[in-house]
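Visitor: Predicted model and sequence below, questions to follow.
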Amino acid sequence: MAIIELILKVAGLLIVSPLFQGLIKRLKGILQGRKGPPVLQPYRDLYKYYFKERVVSKEVTWVFHLAPLAAFSSIFIAGIMVPWVNRSEWGFFADLILFVYLLGIPRFMLALAGLDASGSFGGMSSSREMAVSALVEPALFLALLTLSLSSHSLRLDTIISSAKGIPFLTPPGFLAGLAFFIVVIAEVGRIPVDNPDTHLELTMIHEGMVLEYSGRQLGLLHFAHWIKQLTLVMLLFNGFAPFGLTMFTEATFAVAATCFALKLLIGAALLALTESLMVKMRLFQMMDLLGFSFVLSATSLIFVATGG
Amino acid sequence: MEWHDQLISWLGTFILITGFLTVIFRRFDNILTCYKFQSFALAFMTLIIAHQYGEAHLYGISLATFIVKFLLIPIWVMRVIVKIPGKLEDHASVGAAFSLFSAVALLLLSYIISRDILGINSEKVDDLAISLTLLLLGLYQMMTRRKAIIQMMGILFMENAITLAGITLAKGLPTVIEMGIIFDVLIGILVMITLVFRIQEAFDSIDTQNLKSLKG
Amino acid sequence: MLSLFIGSLGAFCALSFLDIPMLWMIAILGALDLWLVGGYISVAAIMGRHFEFLHGIFVLDPLGGFFLAILSVVAGAVVLYNFGEIRQRGETKLAAHQSSFSLGLTFAFIIAMILSVSGKNLGLIWVCVEGTTLISALSIGILNDKSALEAAWKYVILCTVGLSFSLFGLILIIHGATAAGFEPSLEPDALALMVAKFSPSLLKLAFILILVGYGTKAGFAPVHSWLPDAHSQAPAPTSALLSAVLLNCSLYAIIRTAGIMQAAGLGSFAKICLVWFGLMSITLATFFLLVQSDLKRMLAYSSIEHIGLAALGFGLGTPLSIFAALLHLIGHSAAKALAFLSAGEMVHIFHSHEMIRMVGAIRRMPVTGGGLALAMVVLSGMPPFSIFFSELLLIWAALTAGNIFLASLVLICLATAFSGIVFQGTRVLLGEDIQHHHHDESHDHNGVQDPGWAADDHIEEANVGFSWRRFSMIVLMIVVFIVPIFFFSPFQEAIVRIAEFIPGGLR
């Protein structure tokens, strides 16, 4: 049973994440009054990247080549940890702290890689990324810790399976969920934190770090980014508003799968809506927003810890 | 009833969040908007507590809070403020991140104090902690802001915090005293705005860094 | 009767704001009202008669009557002084229409203070004290010059913040009542019955908050920083009222609250807090007093010190110390009011707050200089005036209570303050009348034109003839002379009866 789950999960991760990205871009386009790119476009992009020629700067070291692999693998493992349709999928190593660190490894590697190519854009983006993550990581950690306090466990599967009702509808859960949503936006690099469509110097954070990559490495990095996006959105839903999660039996699988699709749609819509309604914030203004998300998650943690 | 307590805890959270927001915002009209929403939530909460406990005088206090703090004060202050030239924006005397961390630290401190005082199992710990946090946040606001008019907002926030404490912990002070407090708030704003205008005339700015000549 | 009193004062206030032509009638009637009617009411209250205002919301009891007595005497003189100021100074700092405004503000201030000592309900006292803060801030800010505005802003902000903490403390008390299952109330009589059952840590926190709040208003160190600025930059009548009466009102509030603590069995905790605050005020004020160059600021620090002494007296809690504290309040109010009124006059004549610029006051202005001289003599604690006796009794009480360290510390501070005040006082008051040297030394004093010299001719005239200001100062001087008799027998009994209303006093 567990093996089948694992295989399905891996396949799902690989197949659904480009779909999710395509969905977001399509919805964003519709909301902005255009037609938007086709939903299957990311698959074509991956195909395109696979066959493109690589141009590598002379200045790079082994860090540059290691970074996409390290990023992809750690995000992939993190992606397996987060349950999609099942309350306790594949849980024995789904530790909360491990999850946060697995998200931290690609950040670290990419920042180094951005510095590695000795380009000015890369260095600038790396420093911005570090500044943003200095506020984002505590917020992320505290928000997840809030969830874990009520279930007295640090394992993701236990946290999700022991959630009574919908945490989002309690004041601490609402605050933590809101904080986590802001974290998600920061992590996947969408407006108002970062603009994924631009390569302008003023507005790059994530794009700047991967600017020097081309060909298959770039494809791998994009793929890793999409997997991270899907994983975080799934964690947002299943951690704070778990509906339709069941044990893995055939009978209930249909319901669970429908809910999964629903979550995909709502998540994509939320992200697209946020991107369309807001503008990218100035860097220092963004610090206020991220600090605010830290405050929200710290507040929710204090509420839960004191039994409020 | 169950939904009373739930709604009250949601409103309390909302009031706390508006308190935190005032630490971030630099412009006066944003801070005033926070005050408006906080006062609205406060009036609403008073209404619910009045309904829950059947305290008739709280209905009157709720109405008075709504009229004075949500309508009267913001509208009047906004109308008066446009006469002050210059931007009503505060330079960051402390950074936003530091302020936010301090805000969380104050929240923690308030919870520790409340649990000490009321005992861990009291159901009023949250209410006391939130009011204490807002009180300390108002104080923090006054210490770190430089424009005189924003310091005045700090006093208004402190007063809101005390009203919150009054209605949650004490089911409302006696009517005479509550009315007296609201009356004091009104007169206080009158006096403070008068002083702000005079400061503006005398110093040509309302930056309180100018007000440091008397020492010793 | 009380309603008549307050109502009449309210009418005077309104009429002053309306700037009617017969302002002198308002001022005289107001002063007589305060002295005669106010005096009668307060003496009757001390004797035990019951007064009420607004259907029992405000109730005057002997303790309130005591404070009301002090208030009435001082306020009457101040009203006359204020009116005199309006008369004489139409052309300088205050514009004519603002002057009747200042009289109106003075009346409003007085009414607010009367209300604050006429109540026993703790919440009501709070509302009134907050009201006094706001009204007095307006009167400080009326002068429109930079330091006055700075002082007024600091005053409003600091005192409102402090009073907010007090209010929070009051809410904690009510919560204690509901948590213990009682019907909450802020009336001291009802509270005294319930309060033993409240949670002690809650009461202690509440008391500390209330003490810090009202202590800010009373000028306890370390939350006194607004006081020197506000009292020195305010116009003279406001300064006198602030120093001589408002500080007493805040002490009144603290005493009422301490009474509740006594009923809860936490009386010793309350007394220790009071002793500490009093001690800090005394020492801090003494040090700052020595380095002052501004006359009114020096007097303000002297206020902090004397109120600290009174707090110390209440905090020690023995019958002797409470008697000393009450006597001290009477003496201090009379002398301080006289001091500020004469200082105001001197500031006006010498055109400067700085004591360096003031020389030879007694020769030049006999009444003003004499008033200031008398006030300084009394305030520094010289016999045979009442402050000497009250300080002596206080130290005696401290020694008999076994507090040798405290007594010696207070003695040192008092001696230091004495020397400071006398030193500055002699420099300011005695000496040649500079006017005669004026023509030789001409204008250039290190390149700075001394405005004080130039206005001499004008002042010559102002010194001649009757002026309401001088009249009021003379009245106060008479009062100051009278005060020491309170030390002696018949009045002792009256004070002892008042002291019974201070809980913990006679036990």
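Guide: All right, it came through fine. Only a predicted model underlies this, so the values are computations on that prediction, with no experimental measurement involved.
Visitor: and residue 191, what element?
Guide: Answering for chain A, as no chain was given. Using DSSP states H and E, residue A:191 maps to neither a helix nor a strand.
Visitor: was after chain C, sorry
Guide: According to DSSP H and E, residue C:191 maps onto helix C:188-194.
Visitor: now swap in residue A:237 and tell me
Guide: Going by DSSP H and E, residue A:237 is in helix A:215-240.
Visitor: Neighbours of residue 29, how many?
Guide: Just so you know, I chose chain A. 16 (other CB atoms under 10 Å in any protein chain shown). For the C-beta atoms, the positions are set from N, CA and C on the backbone; glycine is no exception.
Visitor: could you do chain C instead?
Guide: 17.
Visitor: list the contacts for the residue in the stretch 51-200 of chain A positioned nearest to chain C?
Guide: Across the stretch 51-200 of chain A, no residue is closer to chain C than residue A:171, which sits at 22.1 Å (CB to the nearest CB). By CB atoms under 8 Å, 6 or more residues apart in numbering or on different chains, the residues touching residue A:171 are A:300, A:303, A:308, B:9-10, B:12-13.
Visitor: swap the cut-off to 10 Å and go again
Guide: The neighbourhood of residue A:171, defined by CB atoms under 10 Å, 6 or more residues apart in numbering or on different chains, consists of A:299-300, A:303-304, A:308, B:6, B:9-14, B:16-17, B:126.
Visitor: And those residues, which of them are buried?
Guide: Neighbour-count burial (16 or more other CB atoms under 10 Å in any protein chain shown) applied to those gives A:299-300, A:303-304, A:308, B:9-14, B:16-17, B:126.
Visitor: Quick one: list the elements packing against the helix or strand harbouring residue C:374.
Guide: Take DSSP H and E as the rule and residue C:374 turns out to sit in helix C:366-380. For helix C:366-380, the elements it packs on are helix C:295-316, helix C:319-350, helix C:361-364, helix C:386-400, helix C:404-429, helix C:468-482, judged by 3 or more CB pairs under 10 Å, 6 or more residues apart in numbering or on different chains; DSSP states H and E.
Visitor: For the stretch 101-250 of chain A, list the residues in contact with chain C, please.
Guide: Within the stretch 101-250 of chain A, not a single residue sits near chain C (CB under 10 Å from any CB of the partner chain).
Visitor: Spell out which parts of the stretch 101-250 of chain A neighbour chain B.
Guide: Residues of the stretch 101-250 of chain A lying near chain B by CB under 10 Å from any CB: A:134-135, A:138, A:142, A:169-172, A:174-175, A:178.
Visitor: would you turn these into CSV with pLDDT and secondary structure?
Guide: As requested, these are exported to CSV (pLDDT from 0 to 100; DSSP: H, G, I helix; E, B strand; the rest coil):
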residue, pLDDT, secondary structure
A:134, 89, helix
A:135, 87, helix
A:138, 91, helix
A:142, 92, helix
A:169, 83, helix
A:170, 83, coil
A:171, 85, helix
A:172, 87, helix
A:174, 90, helix
A:175, 90, helix
A:178, 91, helix
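Visitor: got the CA positions of the lowest-mean-pLDDT helix or strand in chain A in CSV?
Guide: One helix or strand of chain A scores below all others by mean pLDDT, DSSP states H and E: helix A:156-161, with a mean of 79. Only the C-alpha atoms of helix A:156-161 are listed here, as CSV (Å, rounded to 0.1, in the frame of the first residue of the first chain):
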residue,chain,number,x,y,z
LEU,A,156,3.4,16.7,9.5
ASP,A,157,1.2,13.7,9.2
THR,A,158,0.2,13.7,12.9
ILE,A,159,-0.4,17.4,12.8
ILE,A,160,-2.8,17.1,9.8
SER,A,161,-4.5,14.0,10.9
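Visitor: Please enumerate the helices of chain B.
Guide: For chain B, the helices defined by DSSP state H cover B:2-24, B:28-53, B:56-65, B:73-81, B:96-118, B:125-144, B:148-169, B:175-203.
Visitor: Return the most buried member of those helices.
Guide: For the helices of chain B, the largest average neighbour count (mean count of other CB atoms under 10 Å in any protein chain shown) is found in helix B:148-169, namely a mean of 25.
Visitor: name the helices or strands packed onto it?
Guide: helix B:2-24, helix B:28-53, helix B:56-65, helix B:73-81, helix B:125-144, helix B:175-203, helix C:146-179.
Visitor: Tell me, please, where in the stretch 101-250 of chain A the pLDDT is lower than the cut-off.
Guide: Applying pLDDT under 70 to the stretch 101-250 of chain A flags the ranges A:202, A:245-250.
Visitor: scratch that, chain B
Guide: Along chain B, the model assigns pLDDT under 70 to residues B:1, B:87, B:91-92, B:121, B:172, B:215-216.
Visitor: Spatially central residue in chain C, please.
Guide: residue C:244 (2.2 Å; CA atoms, centre = their mean).
Visitor: Grab the nearest non-local neighbour of the residue positioned nearest the centre of chain B.
Guide: Per CA atoms, centre = their mean, the C-alpha nearest to the average position across chain B is that of residue B:157, at 1.5 Å. Spatially, and ignoring its direct neighbours in sequence, residue B:157 is nearest to residue B:138 (3.9 Å; CB to CB, 6 or more residues apart in numbering or on different chains).
Visitor: so what's the one you found up against?
Guide: B:19, B:22, B:151, B:153-162, C:161, C:164.
Visitor: for the helices and strands packed on helix C:366-380, which one sits closest to residue C:198?
Guide: Among those, the nearest to residue C:198 by CB to CB is helix C:295-316 (22.0 Å).
Visitor: Please export the C-alpha coordinates of the closest one as PDB.
Guide: The C-alpha atoms that make up helix C:295-316 are tabulated as PDB, following Å, rounded to 0.1, in the frame of the first residue of the first chain:
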ATOM      1  CA  LEU C 295      13.300  81.100  39.900                       C
ATOM      2  CA  LYS C 296      10.100  79.400  39.100                       C
ATOM      3  CA  ARG C 297      11.800  76.200  38.300                       C
ATOM      4  CA  MET C 298      13.500  76.200  41.700                       C
ATOM      5  CA  LEU C 299      10.100  76.800  43.300                       C
ATOM      6  CA  ALA C 300       8.700  73.800  41.300                       C
ATOM      7  CA  TYR C 301      11.400  71.500  42.600                       C
ATOM      8  CA  SER C 302      10.600  72.800  46.000                       C
ATOM      9  CA  SER C 303       7.000  71.700  45.400                       C
ATOM     10  CA  ILE C 304       8.200  68.200  44.500                       C
ATOM     11  CA  GLU C 305      10.200  68.000  47.700                       C
ATOM     12  CA  HIS C 306       7.400  69.200  49.900                       C
ATOM     13  CA  ILE C 307       4.800  66.900  48.400                       C
ATOM     14  CA  GLY C 308       7.400  64.100  48.800                       C
ATOM     15  CA  LEU C 309       7.500  65.000  52.500                       C
ATOM     16  CA  ALA C 310       3.700  64.800  52.700                       C
ATOM     17  CA  ALA C 311       3.700  61.500  51.000                       C
ATOM     18  CA  LEU C 312       6.400  60.300  53.400                       C
ATOM     19  CA  GLY C 313       4.200  61.400  56.300                       C
ATOM     20  CA  PHE C 314       1.200  59.500  55.000                       C
ATOM     21  CA  GLY C 315       3.400  56.600  54.200                       C
ATOM     22  CA  LEU C 316       4.800  56.300  57.700                       C
END
